Structure formats: C-alpha cells, structure tokens
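J.: Structure, please.
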Amino acid sequence: MISIFKHYMGKHYGSFNFKKVKEKTFSYQEEKNLGLYLHIPFCESICYFCPFCKEKYTKDRMIKYINALLKEIDLTCMGQEKKNIVSIYFGGGTPSLAINYLDVILEKLRKYFSFTEIGIELCPKDITEDNLKKLKDLGVNMISVGIQTFSNKLLSSLDRERLNTDSFHELFDKYSFDVISFDLIFGVSNQAVHELISDFNKSFQSGATQVSTYPFIEFSYLKKISTQSKKEKKKLLRALVNYAESQKLHRNSVWSFAKIGSKKFSSITRDNYIGFGPSASSLNSNSFKVNTFSLDCYIEKIERGFLPTEVRLDFSKKQRVLYHLFWAVYNLEINANLIEDLFGLKVNDVFSKELKLARVLGMLRKTEVGYKITTRGAYYYHLIEQAYTNSMIDKLWGILQSDNIPEIISLN
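T.: This is a model prediction of the structure:
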C-alpha cells in the first residue's frame with residue numbers, strides 16, 4: 001500500500017524540487033496562525049541515533065551562535081509590522097544549554113512579535129528546581145521531556161544515562177506548566193509490550209499531562225541500530241492504543257495521548273512558521289525553506305547580511321494544501337473550513353476522489369467541520385509517515401549535511 005501511495009503522489013502532484021537560493025528577506029506578514037521555532041544546535045554528548053543538527057557544546061561556540069541568532073531575527077523581521085503569533089518553541093540539540101540566554105532571545109522576539117505560549121525541549125537531567133524556576137519566570141508554559149525510555153536495558157542499548165525521576169512529580173506540582181509532555185521511543189530491538197506500557201504509565205506517574213510515543217526510525221547517514229520489524233512495531237502500537245483507551249486517555253495525534261481536559265500541544269504541527277538557527281525550516285503559504293546545517297556557514301551568511309537559507313521549495317497550490325493535509329492527518333482531524341480560510345480552496349473539491357476512497361476504506365469519517373481520522377486511518381498514516389521520513393526527510397537532511405549540495409534536490 002505504501003508503494004502505491006508514493007507512486008500516486010509522484011504521478012499526480014509532481015516532485016518536490018528544492019532549489020539552492022540566497023535570500024535577504026522572508027515575507028510572513030500576511031500569514032495566519034504563525035509559529036516560531038528556534039534551534040539550539042548544541043549537546044553535551046552526541047546520541048548516535050539522533051538525526052537532528054547538533055554539535056558538541058562549548059561556551060565560545062554558544063556565544064557566537066547566540067549573537068548570530070539575534071542578528072538573524074533582525075534580518076528576518078526588520079521592517080515588518082509587529083505580529084501576533086500562536087507559539088514559540090525552542091528545540092535542539094539541547095535547548096537548556098542556552099537557558100541563561102533565553103531572556104535576551106525572548107526580549108528580541110518581543111520587539112517583533114506578541115505571544116503568550118512558549119515551549120521548550122528538556123533532557124531528564126534538566127528537570128531541576130533551578131531550571132524550572134528560571135523557565136517559569138521567563139514565561140515558559142509548555143515543556144517536552146525527552147525521556148525515550150525508563151528501562152535501564154533499553155537506555156543501555158541507546159547509550160543513554162540511567163534516569164532518576166523520583167523528584168519529577170513534586171517539582172512539576174510546584175512549578176506547574178500548562179503542558180508537560182514526555183517523549184518515548186518504541187520499536188527498539190527486544191522491546192516488549194509490557195516495557196512500553198510500563199514507560200507509558202511511569203510518564204504519567206511522573207507528572208506528564210501528555211505522552212508522545214515515537215517509533216524508532218533509522219536514518220541512512222547515522223550508525224545502524226537494531227530495531228524491530230513492522231509487524232512487531234504494529235503490535236506495540238496497537239497494544240498502546242488499546243491500553244490508552246482503557247485508561248480513558250485522549251489520543252490527540254497518531255502517536256500522542258493526553259489526560260482528558262488537559263491542553264493539547266504539538267511541537268511539529270503549525271499552519272505556518274518561521275525557523276531560526278542552523279537546519280531550521282520555515283513554512284509560509286507559498287514555500288518551504290531550510291537553513292544551512294553548518295554552524296560556521298550559518299554565522300558567515302548572517303555576517304554578510306544574508307538569511308541562512310540553504311534551499312527553498314516553491315509549492316504549487318495543490319502541493320501546499322497536500323502538505324497541510326499531511327500534518328492535519330497526523331493530528332487526526334481535517335478541518336475543511338480552516339483549509340479554505342488558509343488557501344482559498346475547498347478540500348472536498350480538490351481531493352474529492354482521495355477523501356471518498358479513504359472513507360470507503362474506513363480511514364476517515366465525516367464530521368461537521370471536515371473529517372476525523374479513524375484508528376485504522378491512524379495506523380496507515382503511521383506507516384506513510386515512516387515512508388515519508390525515509391524517502392524525503394532522510395534524503396534531504398543527508399544531502400544538506402554533506403559538502404556537496406546540488407543546485408536542485410528533487411524528492412518524490
């Protein structure tokens with residue numbers, strides 16, 4: 001089915017062609033539901049399975065980066081009116097390494113944007129009283145903790161430190177955040193159903209309001225790790241979905257589950273967004289662009305007065321709506337009214353055949369505002385998302401981290 005999907009997409013919507021570009025401006029003034037992402041590309045130690053842009057932390061490199069980041073914000077935003085945005089998210093890397101610089105970054109951003117929602121990724125060892133107090137004082141109200149697993153056996157296979165989470169619940173009670181999301185990995189070799197369920201339970205017991213359970217996906221440019229088969233991953237995911245339902249938890253995305261009544265949060269789904277920092281991407285109603293992955297190149301471009309954009313994809317109208325649909329399905333809901341408001345197209349007209357087929361196959365059901373993705377549909381999205389990662393994200397990021405970047409990168 002996945003091969004049929006990929007063939008259909010390439011035939012009907014064409015290749016996604018990223019062109020190497022030099023940019024001095026990025027228009028966002030008219031964009032709706034705009035979010036910001038800021039990438040902190042440093043870690044104290046490098047996880048060999050992590051595909052994201054990062055390097056070993058040094059104070060000197062951090063200071064150079066922060067200075068360049070502040071200049072990038074000015075280059076991007078200068079001359080545009082102050083704009084209301086939906087959220088800011090600090091990712092990485094390890095964003096907590098920049099915790100003492102967040103105040104100057106947020107001060108700079110407030111010059112150009114109005115916002116109330118601020119999220120940040122944290123490592124388990126970052127959950128300290130001092131850090132949580134600093135974040136609360138800065139106005140951070142959403143945190144995402146990269147637990148991965150509580151199992152010492154699985155932590156060892158991932159070359160991660162053992163966890164001490166005894167104080168988590170007490171600290172989260174003291175410094176309450178609107179959202180406390182724990183990230184787990186499933187599908188690592190030899191992971192049993194009971195181990196995944198145990199990780200899931202311990203996350204909520206430690207104070208999480210939401211748990212996101214991501215399948216382990218190998219990237220071609222990283223060291224290989226032993227993972228489970230599609231059949232074994234399906235067994236784990238199905239067991240998790242059934243268990244979450246038995247616990248009266250709300251499934252708010254393909255891989256995320258939350259306490260009923262808690263605030264929903266996703267770091268990866270925004271209608272439009274601006275990304276700052278090396279490797280960060282930006283999305284508006286017409287294009288998708290990715291910054292250089294090299295910190296040295298990032299700093300050099302900014303010092304020369306250029307935005308750090310490396311490549312840009314200019315969407316056709318259908319491709320842009322299709323991209324929106326991809327992430328809408330991840331959130332398990334297609335809002336037809338929102339799509340018309342954002343892109344001026346009626347999704348039922350543009351994708352009538354596709355939506356009808358998905359309903360016949362039991363993947364969607366009609367709602368007052370559009371469509372809801374069923375459990376069956378969520379599973380097939382789970383497969384398609386992994387295929388998308390392997391054939392598009394893996395290829396694009398691998399090329400952008402190489403020394404030889406072609407003028408055009410064609411993905412389909």
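J.: per-domain residue ranges of this structure.
T.: 1-21+316-412, 22-258 (automatic domain parsing).
J.: Now render these as a markdown table, adding distance to residue 291.
T.: (Glycine included, C-beta is placed from N, CA and C.) Formatted as a markdown table, these follow (distance: least, CB to CB, whole Å):
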| stretch | distance to residue 291 |
| --- | --- |
| domain 1-21+316-412 | 9 |
| domain 22-258 | 8 |
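J.: Please tabulate those domains in CSV, including the columns distance to residue 280, mean neighbour count and mean pLDDT.
T.: Formatted as CSV, the domains of the chain follow (distance: least, CB to CB, whole Å; neighbours: other CB atoms under 10 Å; pLDDT from 0 to 100):
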stretch, distance to residue 280, mean neighbour count, mean pLDDT
domain 1-21+316-412, 12, 16, 86
domain 22-258, 4, 18, 93
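J.: out of those, nearest to residue 274?
T.: Nearest of the domains of the chain to residue 274, taken as CB to CB: domain 22-258 at 5.4 Å.
J.: now do the same end-to-end measure for the closest one.
T.: 42 Å (CA to CA, to the nearest Å).
J.: now swap in stretch 134-150 and tell me
T.: 26 Å.
J.: Same question for stretch 303-320.
T.: Terminal-residue distance, stretch 303-320 (CA to CA): 32 Å.
J.: List just the one of the domains of the chain that sits closest to residue 300.
T.: Nearest to residue 300, of all the domains of the chain, is domain 22-258, at 9.1 Å by CB to CB.
J.: The closest one: how far from the chain's middle?
T.: 8 Å (CA atoms, centre = their mean, to the nearest Å).
J.: Please enumerate the helices of the stretch 251-400 of the chain.
T.: Along the stretch 251-400 of the chain, counting by DSSP state H, counting those that start in this stretch, helices occupy 295-303, 317-330, 336-343, 347-350, 352-360, 375-388, 394-400.
J.: could I get those as CSV with distance to residue 170?
T.: Below are the helices of the stretch 251-400 of the chain laid out as CSV (distance: least, CB to CB, whole Å):
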stretch, distance to residue 170
helix 295-303, 38
helix 317-330, 33
helix 336-343, 40
helix 347-350, 47
helix 352-360, 46
helix 375-388, 35
helix 394-400, 39
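J.: right, and these - which one's nearest residue 267?
T.: For residue 267, the closest of the helices of the stretch 251-400 of the chain is helix 317-330, at 11.8 Å, according to CB to CB.
J.: could you say what helices and strands that closest one packs with?
T.: The criterion is 3 or more CB pairs under 8 Å, 6 or more residues apart in numbering; DSSP states H and E, and the helices and strands that helix 317-330 contacts are helix 2-13, strand 333-335, helix 336-343, helix 347-350, helix 375-388.
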